[in-house]
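Undergrad: coords below, sequence missing:
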């Protein structure tokens, strides 16, 4: 089992920045990748970004590429999501997720095995 705890959310004005953190504990040696997803009210959970734990390759959805940066600190078993130039459309509950080498792909929720509890990000106009 892997436990994930997110932190760093909150309320920010449009154009501002936030950094989300996700600390992993437990059987982290089984982690192949970690990702961030978000879910706005009335919408499906959508992929935001992912990072391959070994090697650090990153992937982004088009709407955040160039504004968001995913990174990891292997020594701390922590993944980060730096979010810049935020806009109201980024308002959502953000989830951290961990994926083993098996199953579906990086950009779908079904591809991940472990999830954090979610953290709110609200961007005011």
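TA: Yep, it's here. Everything quoted here is computed from the prediction, not taken from an experiment.

Undergrad: pLDDT averaged over the helix or strand harbouring residue 69 - what is it?
TA: For residue 69, the element it lies in under DSSP states H and E is strand 68-73. For strand 68-73, mean pLDDT is 97.

Undergrad: Partner strands of whichever helix or strand comes after it and their direction?
TA: Using DSSP H and E, the helix or strand that follows strand 68-73 towards the C-terminus is strand 78-83. Strands that pair with strand 78-83, judged by DSSP bridges, come out as strand 18-26 (antiparallel), strand 68-73 (antiparallel).

Undergrad: Following the chain onward from strand 78-83, which element is next?
TA: For strand 78-83, the following helix or strand on the C-terminal side (DSSP H and E) is strand 92-99.

Undergrad: Neighbours of residue 80, how many?
TA: As a burial measure, residue 80 scores 20 neighbours (other CB atoms under 10 Å). All C-beta atoms are positioned from the backbone trio N, CA, C, and that covers glycine.

Undergrad: give me the element the residue nearest the centre of the chain is part of.
TA: What sits nearest the mean C-alpha location of the chain, by CA atoms, centre = their mean, is residue 36, with 1.9 Å. For residue 36, the host element (DSSP H and E) is strand 33-39.

Undergrad: now swap in residue 5 and tell me
TA: strand 2-7.

Undergrad: quick one, that strand and strand 92-99 angle?
TA: Relative orientation of strand 2-7 versus strand 92-99 (axes from the mean of the first three to the mean of the last three CA atoms, to 10 degrees): 150 degrees.
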